[in-house]
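1. Turn this into a structure:
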Amino acid sequence: MFTLVDGRAFRIATPAYFFQRESGLYQAEATGFVSAALVLLRLIAEIGSSLIIWRLVFLLLGKTGITLVELCRVVDMRLPIFSGFGSPQHLYCSLFAVIIVVLVWPSSIAAPLANSSLQWIPSSQLVHLRTRNYELPDIRTQDAWDSFLYPEDIVAIALRAATMGARDSDYAFSATQATQRRYMYLDPHLPSESLALTQMPYFEVSNIEWMNVQFDSETPGDWKPSSLANASMQELPANSKKMGNLGFWMTEKWNFTSATELYKKPTTFYENKRNVSILVGRIGLNNEDDADLGTNTTQCSSKPGRFGHLPTGVSHFNSSWFVDGEWTATDCFLVAEVTMRIGMTEEQNYNITLVGASENLHVASPLNGANQSQPDLMPDLAILPTLDMMTDVLQHLVSLGVGSQHQDNVQNYLAGMLAVAYHATRSALVEQATDSNTTITAIPSEPIVRALVNRRRLYVWLALNATLTLAALLLWVVQSTTTKTSKTVRDPTLVALTTNMDAVCHKNGYGLCNAVALSGGDKKLGRMVWDYEHGGSCRKLRFASGGDLDENTQTSIPLLSLRQYNKLPDH
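-> Residues are numbered from 1 along each chain as shown. Predicted coordinates:
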């Protein structure tokens with residue numbers, strides 16, 4: 001039974017009505033079958049142990065006798081027998097009885113091991129009979145960017161992308177750095193671990209090269225990497241002072257007209273370089289905003305700190321802050337040339353996870369978290385608009401604390417933040433600037449439990465039950481070898497006659513105690529004498545009268561002495 005359920009999936013809870021149920025067993029049914037199998041084995045073990053105990057009793061009766069107290073102890077409590085150690089034969093019989101009873105015991109206490117060896121692991125399975133189709137927004141033309149004319153639409157896209165990217169962003173900072181991910185709204189929502197057949201945006205940071213950037217006093221300040229203002233699509237972008245702030249920087253301010261001209265050019269997948277700056281340190285008059293104490297002449301430190309070991313041989317770019325002509329702080333930036341490979345993958349199956357039940361927000365990711373190495377990429381019209389919006393989205397993500405726990409490695413932090421920003425921005429962009437729809441096929445999942453058998457505990461349980469078989473074999477061997485030297489008592493009358501009655505006999509030897517109250521001294525049975533009035537070879541016993549006790553005390557026989565009947569003289 002355990003082999004049949006091991007590794008199999010079962011539906012959760014109890015079964016529905018019989019005629020409304022779907023295929024497959026429920027957890028309650030599987031538990032019932034396992035319990036029934038355990039009960040059956042338990043009954044078989046009880047029958048076997050009872051037979052072994054009774055056979056042991058008969059064997060001991062035939063060898064040395066057994067008291068009623070010992071008989072009750074063996075049958076009711078299965079405790080060792082103490083037959084007495086007056087002779088070597090008694091000693092051997094007692095030790096043998098102890099061994100047999102000890103071997104019978106484990107089968108009675110092994111049940112918890114069997115029950116605990118079966119574990120139920122929550123899981124899920126796909127329900128192919130419930131396959132659904134969903135319509136997702138998509139961009140199929142090069143004229144879908146009118147939303148960029150309106151600042152409120154740009155802000156809406158950036159905020160939506162930031163809220164998407166803030167959900168479970170750790171995937172981008174793992175060793176494999178997942179390259180495929182998309183957020184989507186599906187109504188009705190799909191349970192987690194569902195499957196969807198769709199295309200997926202692809203983003204990969206293939207190389208990071210740190211740069212030495214120097215500016216003189218004649219350089220215009222608008223395109224310095226400290227402000228990131230040129231790369232922002234907003235007229236008055238928010239410039240976060242939070243440590244780890246990063247984004248693209250350009251020599252000219254972004255504008256709608258020149259950008260849309262680029263968007264309309266024929267596109268393939270993207271494999272190019274962009275300059276990215278990242279705030280890695282600050283020097284100030286106080287410790288506000290994670291600043292190190294210093295003056296306007298203090299140099300940025302290259303020692304390991306929040307971002308771990310910084311690149312060697314690379315100088316910082318310094319940007320100073322002044323208030324009313326007074327120096328207040330100096331920001332320390334690193335600038336990197338990042339090579340990116342971006343496009344769209346072919347249609348394939350992806351795992352669907354529900355991340356926002358109230359808004360039906362889902363995230364599609366590669367199956368088992370694996371990435372296809374260097375897949376063939378298809379063109380994506382949303383690549384350039386997504387890159388243009390990423391600087392604003394990165395500002396919001398840093399403000400929300402995304403990736404802050406991964407800042408101990410500046411290179412990994414940079415690559416991970418770019419991946420989070422691209423996937424979230426691209427997903428939010430098509431929701432706002434869509435011009436068509438695409439159909440995806442999804443297979444929903446359902447929660448199940450999977451049976452897992454702890455084989456080590458199961459083997460221990462089987463070993464404990466095997467002791468019952470071992471006890472039976474030992475008893476059979478001993479009985480087979482002693483049959484020729486001793487006679488096993490099988491007749492119930494002879495069993496009674498050979499029973500030692502010391503435990504229920506009065507101390508003075510006159511009669512037996514009441515069987516109901518063995519510890520009491522009342523209701524003793526009278527003495528018994530031989531009946532000589534009837535001839536023949538068959539003796540009879542009767543209760544002795546008063547005269548018999550006075551006249552023939554020599555012939556009155558306590559019941560205890562009847563076990564010596566074969567030694568009395570023949571009359």
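2. domain ranges for the protein?
-> If you go by automatic domain parsing, the domain ranges for the chain are 2-122+451-482, 128-443, 508-567.
3. what's around the closest residue to residue 286 other than its chain neighbours, how many residues?
-> Excluding its sequence neighbours, the residue lying closest to residue 286 (C-beta to C-beta, 6 or more residues apart in numbering) is residue 293, at 7.2 Å. C-betas here are computed from N, CA, C, even on glycine. A total of 10 residues lie near residue 293 under the criterion other C-beta atoms under 10 Å.
4. Name the residues linked to residue 293 by a beta bridge.
-> Residue 293 has these beta-bridge partners by DSSP bridges: residue 284.
5. Could you give the secondary structure assignment for residue 46?
-> Here residue 46 is helix, with the state taken from DSSP: H, G, I helix; E, B strand; the rest coil.
6. separation between it and residue 34?
-> Distance from residue 46 to residue 34, counting by C-beta to C-beta, to the nearest Å: 19 Å.
7. elements contacting whichever helix or strand residue 419 is part of?
-> Assigned by DSSP states H and E, residue 419 belongs to helix 410-432. Contacts defined by 3 or more C-beta pairs under 8 Å, 6 or more residues apart in numbering; DSSP states H and E place helix 410-432 against strand 132-138, helix 151-165, strand 182-185, strand 201-211, strand 270-284, strand 326-344, helix 383-399.
8. now the angle from the fifth one to helix 383-399?
-> What that stands for is strand 270-284. With axes from the mean of the first three to the mean of the last three C-alpha atoms, to 10 degrees applied, the angle from strand 270-284 to helix 383-399 works out at 20 degrees.
9. what do you get for the first one?
-> Compare the direction of strand 132-138 with that of helix 383-399 by the same axes, to 10 degrees and you get 100 degrees.
10. Quick one: mean pLDDT over strand 132-138.
-> Averaged across strand 132-138, pLDDT comes to 92.
11. cool, the fifth one as well?
-> Strand 270-284 shows a mean pLDDT of 90.
12. Quick one: list the elements packing against it.
-> Under the contact definition 3+ C-beta pairs under 8 Å, 6+ apart, strand 270-284 sits against strand 246-248, strand 292-293, strand 326-344, helix 383-399, helix 410-432.
13. Least reliable of the ones you listed by average pLDDT, please.
-> When the helices and strands packed on strand 270-284 are compared by mean pLDDT, strand 292-293 comes last with a mean of 82.
14. which one of the helices and strands packed on strand 270-284 lies closest to residue 209?
-> strand 326-344 (4.6 Å; C-beta to C-beta).
15. tilt between that closest one and helix 383-399?
-> In terms of direction (the same axes, to 10 degrees), strand 326-344 departs from helix 383-399 by 140 degrees.
16. how many degrees apart are strand 326-344 and helix 410-432 in direction?
-> With the same axes, to 10 degrees applied, the angle from strand 326-344 to helix 410-432 works out at 70 degrees.
17. name the helices or strands packed onto strand 326-344?
-> Counting contacts by 3+ C-beta pairs under 8 Å, 6+ apart, strand 326-344 packs against strand 201-211, strand 270-284, strand 317-323, helix 383-399, helix 410-432.
18. swap the cut-off to 6 Å and go again
-> Packing partners of strand 326-344 (3 or more C-beta pairs under 6 Å, 6 or more residues apart in numbering; DSSP states H and E): strand 201-211, strand 270-284, strand 317-323.
19. And for the closest residue to residue 442 other than its chain neighbours, the neighbour number?
-> Closest residue to residue 442 apart from its sequence neighbours, by C-beta to C-beta, 6+ apart: residue 196 at 4.4 Å. If you count neighbours by other C-beta under 10 Å, residue 196 ends up with 24.
20. What are the phi and psi values at residue 436?
-> Note on residue 436: backbone dihedrals following degrees, to the nearest 10 are phi -160, psi 180.
21. Hmm, it is touching residue 139, no?
-> No: using C-beta atoms under 6 Å, residue 436 is not in contact with residue 139, being 7.2 Å away.
22. Counting neighbours around each, name which of the two comes out higher.
-> Taking other C-beta under 10 Å, residue 436 and residue 139 do not tie; residue 139 has more neighbours (20 against 13).
23. Identify the residues contacting that one.
-> With contact set as C-beta atoms under 6 Å, 6 or more residues apart in numbering, residue 139 has these partners: 381, 382, 430, 435.
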